[in-house]
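Colleague: Coordinates for the following, if possible.
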Amino acid sequence: MYIAPNSTIKLLTGVPIDKNQSDTLWFASKAAQTAYFNSKVKRTFSALTYQRVQRGYARIEVSADAIYDCNYMMFQNTSYGNKWFYAFINNVEYINDDVAEVRFTIDPIQTWFFDYTLHQCFIERETPASDEIGENILPEPVGIGEHVLNGTYEIIGSRRAGVQNPVNQGDFGINMGIVVQYINPQTAGGGGAGFSEGSMICGVYSAAELFVYGTSPTEIQALQSFINAQAQAIDTITNIYMMPLIAIGLDSEDDILTTYPDRKILMSTATTLDCLMTAISKNTALDGYTPRNAKCYTYPYTFYHVDAPNTQSLICRYEFFVQRRPRFIIKLNATYPVEITLFPTSYKNGPNNTAPVGEEEYRPEKLSIQGFPQCSWSMDAYTAWLAQNSVPLAVGAVSKVGMGIANGTGSGGLIGALTGGLGAGVSAITDVISQDYTASISADISKGSFNNGSNDVASERLKFKGGCMTLPYNYIKAIDQFFDAFGYTKREWGTVNNHKRTRWTYVKTIGANVDGELPADDAKYIADCYDNGIRFWADTANPCNYSTANGFLS
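Modeller: Residues are numbered from 1 along each chain as shown. Next comes the predicted model:
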């Protein structure tokens, strides 16, 4: 049966896809697909003989020079259906002045775009449909360099509510106090003579009483007066050490006598500071570059870094804080040894992770500041000796004189007794004077630790400092552009969606399974394209152009 030639071939130019199939075009419908490719047509040839798909070439009555710039074609065997086949033009061969041979390879993706089904498969990478900080945190196959400080370090601390012009409570190296640990020898609390009145201080029972002084000359003079007053009982002072005044709720030494009129510290629990730091957002510049992909604001590309004076540090991930805002709890105790401990809060689904105010710490991660100085102190040895021994020694001397008189009544009569007694008395008094002289020339009594030259205290570095760390400009830009082109690691089973953004969507699978109303070879080819990674451009006017942001679908 004779069938009149009724096939149509259209040669297209400027079609922005190639045989590598790393990029292709996305269409919402067959009509949109046909309309787009028709907009690229340079020459149309009708009433041609049947075009065999697998033969791979077509001879057309046209000068080869007239179609050398064509890179794509579409043809339709109208007598057998209305389906359009799409193909890449491999080359154009001159046959004669009026005939050219067009060699082509079918484009299975566009030819069967609406005819194949991609079943659920393992999605290795894809462009995410949404992109908030912390939403995508799986590791990526990209190298990272040394991190740099993004901005400046900030002291991690807080300000006391209701206090006019308060000092920064995170700078523990300023407004230091001196604590005297004192055993009161007086009767107290019904315990009998020699018992001190114990109390709970910062959650720890202390048999000693704690008295606080400042570091100004006036306060030092008051401290020394207190120390000197213990000359008769120098062992009542068991320790003197330094601590930040904020540990007992004071902003400065001016508040000492107001809060503690007798200087005696009475605190049942440790002081707690709630520290809310600077949040990160998607418009934050990182070393001068503002990424388009939120993953750049997550670890290991960007994180919040905390330093302690003892060279310890803590890496905190913005994405694990509520609202990506670092928050810390700082606890300080007033008892020796003084320790300041920092914990993240509202972090990693820890306590109060969803509460507006962090009140409970995330204890698995912490930093501590220790090594607050134990002070040394001294008393005048002679004054202490005289105060402790003047009465007992006088009694002892008189006793020895009496014993000498009594013993002298034997062989020497009264004169001998007096002489012997005087001799014994002189000897006793001489002993006292000798001891007195020895005490007077002795060095002052020193107590406490001489290992108190803490460099961190001297340089006022007793503070936690934190800041945003990120990759250098070139690194973060390169990684951001990688995410633009290749999406994020997904690594999960699911259904592929090749249209998740307004401009382009990338997807890469493992073991894709394709079937439908298409040849098996073409189904295998399409599956291989997904396994190799393929990018679908919905923005057909600007394909392969990454300069404009890839917006989210509403």
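Colleague: Every contact and neighbour count from this point should use C-alpha atoms.
Modeller: Fine.
Colleague: which residues sit in contact with Ile256?
Modeller: 212-214, 250, 263 (Cα atoms under 8 Å, 6 or more residues apart in numbering).
Colleague: which of those tops the neighbour count?
Modeller: Each of these was scored for neighbours by other Cα atoms under 10 Å, and Val212 scores highest at 25 neighbours.
Colleague: any idea how far Asp480 lies from Phe536?
Modeller: Computed with Cα to Cα, to the nearest Å, the distance linking Asp480 and Phe536 is 19 Å.
Colleague: which of those two has more neighbours?
Modeller: Phe536 (24 against 21).
Colleague: For the helix or strand where that one lies, which strands pair with it and how are they oriented?
Modeller: Secondary-structure element containing Phe536, defined by DSSP states H and E: strand 534-537. Strands adjacent to strand 534-537 in the sheet, as given by DSSP bridges, are strand 23-25 (parallel), strand 504-510 (antiparallel).
Colleague: which residues are contacting it?
Modeller: Applying Cα under 8 Å, 6+ apart, the contact partners of strand 534-537 are 21-26, 498-499, 503-508, 543-544.
Colleague: Repeat the analysis, applying 10 Å as the threshold.
Modeller: Residues lying outside strand 534-537 but in contact with it, judged by Cα atoms under 10 Å, 6 or more residues apart in numbering, are 17, 20-27, 126-127, 485-487, 498-509, 526, 528-529, 543-545.
Colleague: Looking at the protein, which strand is longest?
Modeller: Among the elements of type strand in the chain, defined by DSSP state E, the one spanning the most residues is strand 85-96.
Colleague: List the buried residues of that strand.
Modeller: Within strand 85-96, the residues that qualify as buried by neighbour count (16 or more other Cα atoms under 10 Å) are 85-90, 92.
Colleague: what do you get for stretch 272-279?
Modeller: Neighbour-count burial for stretch 272-279, with 16+ other Cα under 10 Å as criterion, is recorded at 272-277, 279.
Colleague: got the residues you listed as JSON lines, with secondary structure, pLDDT and distance to Thr111 columns?
Modeller: Putting the buried residues of stretch 272-279 into JSON lines (DSSP: H, G, I helix; E, B strand; the rest coil; pLDDT from 0 to 100; distance: Cα to Cα, whole Å) gives the following:
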{"residue": "Thr272", "secondary structure": "strand", "pLDDT": "85", "distance to Thr111": "68"}
{"residue": "Leu273", "secondary structure": "strand", "pLDDT": "86", "distance to Thr111": "66"}
{"residue": "Asp274", "secondary structure": "strand", "pLDDT": "84", "distance to Thr111": "63"}
{"residue": "Cys275", "secondary structure": "strand", "pLDDT": "87", "distance to Thr111": "60"}
{"residue": "Leu276", "secondary structure": "strand", "pLDDT": "86", "distance to Thr111": "57"}
{"residue": "Met277", "secondary structure": "coil", "pLDDT": "89", "distance to Thr111": "56"}
{"residue": "Ala279", "secondary structure": "coil", "pLDDT": "92", "distance to Thr111": "49"}
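Colleague: so which of those residues comes closest to Thr335?
Modeller: Sorting the buried residues of stretch 272-279 by how near they are to Thr335, with Cα to Cα, puts Thr272 at the top with 14.7 Å.
Colleague: Now that closest one. Nearest residue, chain neighbours left out?
Modeller: In space, not counting the residues next to it along the chain, Thr272 is nearest to Lys331; the distance is 4.6 Å by Cα to Cα, 6 or more residues apart in numbering.
Colleague: Show me what the one you found bridges to in the sheet.
Modeller: The residues that Lys331 bridges to, once DSSP bridges is applied, are Thr272, Thr341.
Colleague: And it, how far from Ser368?
Modeller: Relative to Ser368, and taking Cα to Cα, Lys331 is found at 10 Å.
Colleague: and if you look at Trp537?
Modeller: Here the criterion is Cα to Cα. By it, Trp537 lies 53 Å from Ser368.
Colleague: now do Arg461
Modeller: Taking Cα to Cα, one finds Arg461 at 13 Å from Ser368.
Colleague: what about the two, which has more around it?
Modeller: Of the pair Arg461 and Ser368, Ser368 is the one with more neighbours under other Cα under 10 Å, namely 21 against 17.
Colleague: For that one, what are phi and psi?
Modeller: Reported as degrees, to the nearest 10, the phi and psi values for Ser368 are phi -130, psi 150.
Colleague: Averaged pLDDT, stretch 95-113. What do you get?
Modeller: Averaged over stretch 95-113, pLDDT sits at 93.
Colleague: Likewise for stretch 334-347?
Modeller: Stretch 334-347 shows an average pLDDT of 90 in the prediction.
Colleague: related to what we said a few turns ago, ok, which pair from the buried residues of stretch 272-279 is furthest apart?
Modeller: In terms of Cα to Cα, the buried residues of stretch 272-279 reach their longest pairwise distance at Thr272 and Ala279, which sit 21.6 Å apart.
Colleague: sorry, back to before: list the residues that are in contact with both of Arg461 and Ser368.
Modeller: By Cα under 10 Å, 6+ apart, the residues touching both Arg461 and Ser368 are 308-310.
Colleague: between the residues you listed, which is nearest Glu146?
Modeller: The shortest distance between Glu146 and any of these, using Cα to Cα, involves Ala308 and amounts to 20.4 Å.
Colleague: Neighbours of the closest one, how many?
Modeller: In terms of burial, Ala308 registers 20 neighbours under the definition other Cα under 10 Å.
Colleague: ranges for the helices of this protein?
Modeller: Ranges of helices in the chain, per DSSP state H, are 30-38, 108-111, 217-228, 256-259, 381-407, 413-441, 455-458, 473-486, 520-532.
Colleague: where does the stretch 151-300 of the chain dip in pLDDT?
Modeller: In the prediction, the stretch 151-300 of the chain carries residues with pLDDT under 70 at positions 158-169, 186-198, 203, 268.
Colleague: And the contacts of strand 534-537, which of them are buried?
Modeller: Buried members of the contacts of strand 534-537, counted by 16+ other Cα under 10 Å: 17, 21, 23-27, 126-127, 485-487, 498-509, 526, 528-529, 543-544.
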